[in-house]
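Visitor: give me a 3D structure for the following:
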Amino acid sequence: MKIKEVADKLNISPRAIRFYEEKGLIAPGKQEQNQYRSFSEKDIWRLQTILSLREAGMSIDDIKKVLSDMDGDDYHQLLYYLELQRSVMFSKWLELKQTIDTTERMIEIVKREQSLPLEDIYQLAEGSKRLRDQRNNWRDRWNFDRLADIHDQHVTDDSHKYRDYEKALELTVKWIAPIEGETGLDIGTGTGNLAGKLMQRGAVMAGVDQSKEMLAQCRRKFPDMETKLGNFLALPYLDEKFDFVVSSFAFHHLTDRQKLLAIEEMQRVLKPRGRICIADLMLADGQAAPDHGEHYARLSDLLHWLEEKGYFVKHQQINDMLCVVCAVPLR
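Guide: Numbers count the residues shown, from 1 in each chain. Next up is the predicted model:
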């Protein structure tokens, strides 16, 4: 098939096809007598794949990696690239929502004041910028991919960080008390241990994690569980999706400002009466933080943040640092 025929078939321009050829994404054969391009069915399928990935917002360089993995039949890597792209798009969507909200509030101020109150508008703009920076500054400093194979053994053997691990998970399940068929989201799900316990109680669980290898382990253990690549600050779900949100041994990876943003994200994906339960290492007032490079929340701060968001909050101390906090909306 010639380039004009392919362009008509795929509803793109011949120039676009030549562009993808120049970038090394396709390599159609050439006719010996005139060197015209000749496209096979495989070439057309490859072009359709390129167009689909471009529509999903993927860069040329990333598409090149994807096609290379597909040529090697590494569909797991293709899945990872697509999930990564989805995660990026959700983050951008949240930033756009935030920008719209900030603009709406600016418009309301101008309407009310009948002027341009620069100080108010400056504060709104700065607040919006800080939220955007918090999302953009998220980094995986822990390389959980390399820990995925040994994670379940780690939580059993580590008597410091994961002391009373099972107790914390069991109390979380008890307090959430899912009704058969309720939907739940486990943030920082790891290999899915907490989500698995909730599924045993009849919940329909989804899990989000920043580590593709952790999610791979989770899918092996719980093939019926939905998993998505993402993190606390940009949950890859639309609004009001879940009956409850849980997280275990992950919240301390966030700075205090990021924790506040994470709570807002939890609220966003929760249904109006949705509840939150967090099991994590936390500090009591006056308790010094261990020098582990983590951002342990102060229990009193977390309780205050949740109460300010309109929740009734209860908590139980499991050991000197491990605590479970459960929040239910007041109205």
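
Visitor: and the helices in the stretch 1-150 of the chain?
Guide: For the stretch 1-150 of the chain, the helices defined by DSSP state H, counting those that start in this stretch cover 3-10, 14-22, 41-55, 60-71, 75-113, 118-136.

Visitor: got the buried residues for stretch 62-70?
Guide: Buried positions in stretch 62-70, judged by neighbour count with 16 or more other C-beta atoms under 10 Å: 62, 63, 66, 67, 69. (Glycine included, C-beta is placed from N, CA and C.)

Visitor: what do you get for stretch 52-59?
Guide: 53, 58.

Visitor: what stretches of the stretch 101-250 of the chain score poorly on pLDDT?
Guide: Where the stretch 101-250 of the chain drops to pLDDT under 70, the residues are 116, 121-122, 124, 127-143, 159.

Visitor: tell me what the strand ranked longest in the chain is packed against?
Guide: Ordering each strand of the chain by length in residues (DSSP state E) puts strand 270-283 first. Contact partners of strand 270-283 among helices and strands, from 3 or more C-beta pairs under 8 Å, 6 or more residues apart in numbering; DSSP states H and E: helix 165-176, strand 242-248, helix 256-269, strand 297-298, helix 299-308, strand 322-329.

Visitor: kindly export it (C-alpha atoms) in PDB.
Guide: Output in PDB follows, covering the C-alpha atoms of strand 270-283 (Å, rounded to 0.1, in the frame of the first residue of the first chain):
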ATOM      1  CA  LEU A 270     -14.600   9.700  48.300                       C
ATOM      2  CA  LYS A 271     -18.300   9.600  48.100                       C
ATOM      3  CA  PRO A 272     -20.100  12.200  50.300                       C
ATOM      4  CA  ARG A 273     -20.200   9.800  53.300                       C
ATOM      5  CA  GLY A 274     -16.900   8.300  52.600                       C
ATOM      6  CA  ARG A 275     -14.500   7.400  55.400                       C
ATOM      7  CA  ILE A 276     -10.700   7.400  55.800                       C
ATOM      8  CA  CYS A 277      -8.400   5.100  57.900                       C
ATOM      9  CA  ILE A 278      -4.700   5.600  58.100                       C
ATOM     10  CA  ALA A 279      -2.300   3.200  59.900                       C
ATOM     11  CA  ASP A 280       1.200   4.600  60.200                       C
ATOM     12  CA  LEU A 281       4.100   5.500  62.400                       C
ATOM     13  CA  MET A 282       3.300   8.900  64.100                       C
ATOM     14  CA  LEU A 283       4.800  11.100  66.800                       C
END
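
Visitor: re the thing from before, among the helices of the stretch 1-150 of the chain, which is nearest residue 310?
Guide: For residue 310, the closest of the helices of the stretch 1-150 of the chain is helix 75-113, at 18.3 Å, according to C-beta to C-beta.

Visitor: elements contacting the closest one?
Guide: Helix 75-113 sits against helix 60-71, helix 118-136, helix 212-221, strand 226-229, with contacts defined as 3+ C-beta pairs under 8 Å, 6+ apart.

Visitor: distance check, the spatially most central residue of the chain against residue 283.
Guide: Nearest residue to the geometric centre of the chain (C-alpha atoms, centre = their mean): residue 230, 1.9 Å. To residue 283, residue 230 is 27 Å away according to C-beta to C-beta, to the nearest Å.

Visitor: what of residue 87?
Guide: Counting by C-beta to C-beta - residue 87 and residue 283 are separated by 30 Å.

Visitor: picking that back up, got TSV for the helices of the stretch 1-150 of the chain, with distance to residue 199 too?
Guide: Converted to TSV, the helices of the stretch 1-150 of the chain look like this (distance: least, C-beta to C-beta, whole Å):
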stretch	distance to residue 199
helix 3-10	43
helix 14-22	44
helix 41-55	33
helix 60-71	31
helix 75-113	21
helix 118-136	30
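
Visitor: among the ones you listed, which is nearest residue 202?
Guide: Closest among the helices of the stretch 1-150 of the chain, using C-beta to C-beta: helix 75-113, at 27.1 Å.

Visitor: mind listing what's buried in the closest one?
Guide: 77-83, 85-88, 90-91, 94-95, 98, 102, 106.

Visitor: by how many degrees do that helix and helix 212-221 diverge?
Guide: 110 degrees (axes from the mean of the first three to the mean of the last three C-alpha atoms, to 10 degrees).

Visitor: what about helix 75-113, distance to the chain center?
Guide: Put simply, helix 75-113 sits 13 Å off its chain's centre (C-alpha atoms, centre = their mean, to the nearest Å).

Visitor: start the count at 11, not 1, going forward
Guide: Happy to do that; since the first residue is 11 now, the last one works out to helix 85-123.

Visitor: can you give me phi and psi for the nearest residue to residue 277 once chain neighbours are set aside?
Guide: Take residue 277 and drop its neighbours on the chain: the residue closest to it by C-beta to C-beta, 6 or more residues apart in numbering is residue 319, 6.5 Å away. Here the main-chain torsion angles of residue 319 (degrees, to the nearest 10) amount to phi -80, psi 0.
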